[in-house]
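> Return a 3D structure for these sequence lines:
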Amino acid sequence: MSLMCCASTAFALFLLAMKPTILPRGFFIVLPSLAFLWPASNSLAQGKPDVGWPNYGNDGGGTRYSTAAQIDRSNVAQLKTAWTYRTGALPHDQELDKKAAFEATPILVDGKLFLSTPYDHVIALNPETGTKLWEFDPKLELPYGSSEVTSRGVSAWREPRAKAGKPCALRIFIGTLDARLIALDGATGKPCSDFGSDGEVDLTNSVKLRDPGDYQVTSAPAIVKDLVITGASLGDNRAVTVERGIVRAFDVRTGNLRWTWDPIAPWAYQTMPRTGAGNAWSTISVDAERDLVFIPTGSASPDYYGGIRKGDNKWANSVVALRASTGDLVWGFQVVHHDLWDYDVASQPTLFAWMDGTPAIAITTKMGRVFVLNRLTGAPLFPVEERPVLKSDIPGEESWPTQLASTISVVPEKLTPEDAWGVKPEERQWCAEKIKAARSDGIFTPPSIQGTLVFPGNVGGVNWGSAAYDQKRHLLFMDTNRLPILVKLIPRAEYDDARKSATDADRLHGEFARQVGAPFGMFRTPLLAPSGVPCNAPPWGTVAAVDLFSGKKVWDVPLGSWIPDMNTGTVTLGGPMVSAGGLVFTAAAMDNYLRAFDVETGKELWKYELPAGGQATPMTYMLKGKQYVVIAAGGHGKLGTKQGDYVIAFTLP
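Residues are numbered from 1 along each chain as shown. Purely as a prediction, here's the structure:
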């Protein structure tokens, strides 16, 4: 499960090690369907037709591509703020706010912008002025141990033959942090009383909760015809036996359960103790025309010890195509066998047309490898092969002997002592000795008692920000990370003493995980030099472009900076958006800027310093002849970026 969607916090905590002298100005640390399209009659402009953004990824296939072209490479530098709206989400609760992250991407449907706050308030705005039209409060009751405090967005469904003025003709769906699926009237924000019980379905039904606050929904549900489909976010590394990682489809009108699919059934129910998770916490993609949904799945529990869950663990760490109407398996593609590294499929799969018109799908991964498949069969369109990998030296662990290698890789895959980096020579030597002391033989080096370097790390390659695709240029854009994580397995008998004897630095910058039911607990922490920067050479985060027809990287540029006067890149959380104006917009870096890049060269053409961190994915739309770019700027508590509650729209003068 993703560090940024579940209970794990080691990655976020590393930020406490950052020295103020290397932080950017104004930055502070708190803690470490293919889309259903709305009818053309909705267009309000006569000269220039409106262009909407009806899904989290714009279309159901997650391309994050807009045909809006008014803002282009020649005028993007003239962008100005059109309006700013403040949600009032923060401050809310002193303890929970430390985890709060404003990761939402608004959607534009029926002339309204709909978005969600970190505490699952759903808000409708006037897209021209940013004026609030209505707000819904789900009245969450979250324990302080809640894994996540975030929501990436909402989804919409329109009754095909609804009469004018009919209540809930447009339904807005949100999955909540306390595991409810709620349907709201798009016109008023009131719950649709005919859906479930008074407008909501309890998603804890059929799920035995182990820990309150560790079974949540953080991603926007998928909509296919008359179904709303959702997975769930589960807290990491608590135990072997955690909640079931089931995906469920409900009737959009009644809330009745239509089907359930468990990624790791039936084999997981035969383990002792029973294995859980394998859950779909990220965004599901939709091909409504072909009655298909594409489910990205996470790791079976726990992430770092698999001696109880022997075998390849299908269909964890996979993208699986299901028949949308029935939930039946069509095909599956596992990107990691028997995961021992927290290599969930964190990204929404991208649906596109291959060079000969074949329906295709691109899978971006935390390893930085990209897999391109036939969307109908799951067969690779670029060569992949099973290659031998290192064997685990942990008693009882049967690591899988091979892993898939892809033709396309966008980040480094190995860290050696010779690769060590530091601000000063003595720092470089310090890092080299730490790397030399650990097992570090590539992205599939198994966890060990001595310590293993997981690189590029469980934060990326590519995390939940996913990818954007320009169909004209057949370019795939993604924000990438390169952060080494040191993982140590701790024998059960030594675990409590290890926690007690840990230094203050260990407790602050790393994470101890008990992994109850397994013979080993776990400790993980980013590998940082004494000055607080990662021990690998920059860039530490980039935005990259890959030609999906050739498999070649076209450009790869640092995104943000941690060190003044150096273009180092930073860890990124959030994703890119691409427009027909030849621009890639992203705001995922830790220096709080929204940027625009030239789609063909990667040259930075414009940037704007946001009032808070932009750990979200921007969107754009045309309305009454004017194009807007919108970003949620509220920061990320775990990442340590500046928090706030801003929604900001930009347009040309």
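
> Is residue 97 in a helix, a strand, or coil?
Reduced to three states with DSSP: H, G, I helix; E, B strand; the rest coil, the structure at residue 97 is helix.

> Now do it against residue 632, distance only.
Applying C-beta to C-beta, to the nearest Å, the value for residue 97 to residue 632 is 16 Å. Quick note: C-beta positions are derived from backbone N, CA and C, even for glycine.

> same question, residue 93
Taking C-beta to C-beta, one finds residue 93 at 20 Å from residue 632.

> and these two? which has more neighbours close in?
residue 632 (35 against 15; other C-beta atoms under 10 Å).

> Which phi and psi values does the more buried one adopt?
phi -90, psi 120 (degrees, to the nearest 10).

> what's the distance between it and residue 647?
Counting by C-beta to C-beta, the gap from residue 632 to residue 647 is 6 Å.

> Quick check: neighbours shared by those two?
106, 115 (C-beta atoms under 8 Å, 6 or more residues apart in numbering).

> Nearest residue to residue 614 in space, please, no chain neighbours.
In space, and not counting its chain neighbours, residue 614 is closest to residue 587: 2.9 Å by C-beta to C-beta, 6 or more residues apart in numbering.

> and the one you found, backbone torsions?
phi -140, psi 30.

> now residue 199: how far from residue 156?
Taken as C-beta to C-beta, the span from residue 199 to residue 156 is 15 Å.

> you'd agree the residue nearest to residue 614 is up against residue 597?
No. The pair residue 587 and residue 597 does not pass the contact test of C-beta atoms under 8 Å, sitting 11.7 Å apart.

> So between those two, which is more surrounded?
Taking neighbours as other C-beta under 10 Å, residue 587 and residue 597 compare with residue 587 leading, 30 against 27.

> give me every residue that touches the more buried one.
By C-beta under 8 Å, 6+ apart, the neighbours of residue 587 are 574, 593-595, 610, 614-616, 618, 631, 633.

> Buried members of those residues into PyMOL, please.
To isolate the buried ones among these in PyMOL, judged by 16 or more other C-beta atoms under 10 Å, type:
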select buried, resi 574+593+594+595+610+614+615+616+618+631+633
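
> quick one: which of the contacts of residue 587 sit in strands?
Using DSSP state E, the members of the contacts of residue 587 that fall within strands are 593-595, 631, 633.

> Could you identify the most distant pair in these?
595 and 633 (13.1 Å; C-beta to C-beta).

> Output the contacts of residue 587 as a markdown table; include the columns distance to residue 349 and pLDDT.
Compiled in a markdown table, those are given as follows (distance: C-beta to C-beta, whole Å; pLDDT from 0 to 100):
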| residue | distance to residue 349 | pLDDT |
| --- | --- | --- |
| 574 | 18 | 97 |
| 593 | 28 | 97 |
| 594 | 26 | 98 |
| 595 | 25 | 98 |
| 610 | 29 | 98 |
| 614 | 24 | 97 |
| 615 | 21 | 98 |
| 616 | 20 | 98 |
| 618 | 20 | 98 |
| 631 | 23 | 98 |
| 633 | 27 | 98 |
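
> Now the contacts of residue 587 in JSON lines, please, with extra columns for distance to residue 49.
Shown next, in JSON lines, are the contacts of residue 587 (distance: C-beta to C-beta, whole Å):
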{"residue": "574", "distance to residue 49": "29"}
{"residue": "593", "distance to residue 49": "31"}
{"residue": "594", "distance to residue 49": "26"}
{"residue": "595", "distance to residue 49": "28"}
{"residue": "610", "distance to residue 49": "30"}
{"residue": "614", "distance to residue 49": "29"}
{"residue": "615", "distance to residue 49": "32"}
{"residue": "616", "distance to residue 49": "27"}
{"residue": "618", "distance to residue 49": "21"}
{"residue": "631", "distance to residue 49": "24"}
{"residue": "633", "distance to residue 49": "29"}
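
> So which of the contacts of residue 587 is the closest to residue 500?
residue 615 (34.3 Å).

> Give me the nearest residue to that closest one, chain neighbours excluded.
Closest residue to residue 615 apart from its sequence neighbours, by C-beta to C-beta, 6+ apart: residue 636 at 4.1 Å.

> Next, the distance between the ends of stretch 601-613.
26 Å (C-alpha to C-alpha, to the nearest Å).

> Report the buried residues of it.
Quick answer for stretch 601-613 (16+ other C-beta under 10 Å): 602, 604-608, 610-613.

> One more: stretch 149-165?
Applying 16+ other C-beta under 10 Å to stretch 149-165 flags 149-158 as buried.

> What is the nearest of these to residue 544?
Distance to residue 544, by C-beta to C-beta, is smallest for residue 152 among the buried residues of stretch 149-165, at 21.7 Å.

> I'd assumed residue 216 was in contact with the closest one.
No. Residue 152 is not in contact with residue 216 according to C-beta under 8 Å; the separation is 11.8 Å.

> Report the contact partners of residue 190.
Per C-beta under 8 Å, 6+ apart, neighbours of residue 190: 136, 167, 184, 199.

> Take those and keep only those in strands.
Counted as lying in strands by DSSP E, out of the contacts of residue 190, are 136, 184.

> Mind giving me the PyMOL select for the contacts of residue 190, buried ones only?
Selection of the buried residues among these in PyMOL, burial being defined by 16+ other C-beta under 10 Å:
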select buried, resi 136+184+199
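
> pLDDT and distance to residue 552 added to the contacts of residue 190, as CSV?
CSV is the format used below for the contacts of residue 190 (pLDDT from 0 to 100; distance: C-beta to C-beta, whole Å):
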residue, pLDDT, distance to residue 552
136, 98, 46
167, 94, 52
184, 98, 45
199, 98, 50
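
> so where is the stretch 351-500 of the chain shaky, pLDDT-wise?
Judged against pLDDT under 70, the stretch 351-500 of the chain has no low-scoring part.

> Now do the strands in it.
359-364, 369-374, 384-388, 402-406, 408-409, 452-454, 467-470, 475-481, 485-491 (DSSP state E, counting those that start in this stretch).

> In its sheet, which strands sit next to the fifth one, and in what direction?
Looking back up the chat, that one is strand 408-409. Applying DSSP bridges to the sheet, strand 408-409 is found paired with strand 369-374 (antiparallel).

> got the buried residues for the partner strand?
Along strand 369-374, these residues count as buried under the neighbour rule (16+ other C-beta under 10 Å): 369-373.

> Stretch 541-548 now?
Neighbour-count burial for stretch 541-548 [16+ other C-beta under 10 Å]: 541-546, 548.

> That stretch: how far from the chain's middle?
On the basis of C-alpha atoms, centre = their mean, to the nearest Å, stretch 541-548 sits 17 Å off its chain's mean C-alpha point.

> mean confidence score for that stretch?
For stretch 541-548, mean pLDDT rounds to 98.

> So what touches that stretch?
In contact with stretch 541-548 (C-beta under 8 Å, 6+ apart) are residues 352, 360, 362, 370, 372, 408, 410, 460, 469, 473-482, 552-560, 569-572, 576, 584, 586, 588-589, 597, 599, 602.

> returning to that earlier point: what about the buried residues of stretch 541-548, which are in strands?
Among the buried residues of stretch 541-548, the members falling in strands (DSSP E) are 541-546.

> in the longest helix anywhere in the chain, what's buried?
Using DSSP state H to define each element, the chain has its longest helix at helix 425-437. For helix 425-437, the neighbour count (16+ other C-beta under 10 Å) marks 427-428, 430-432, 434-435 as buried.

> repeat for stretch 478-492
For stretch 478-492, by 16+ other C-beta under 10 Å, it's 478-490.

> Including distance to residue 60, could the buried residues of stretch 601-613 go into CSV?
Output for those, formatted as CSV (distance: C-beta to C-beta, whole Å):
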residue, distance to residue 60
602, 28
604, 31
605, 30
606, 29
607, 31
608, 30
610, 29
611, 32
612, 30
613, 28
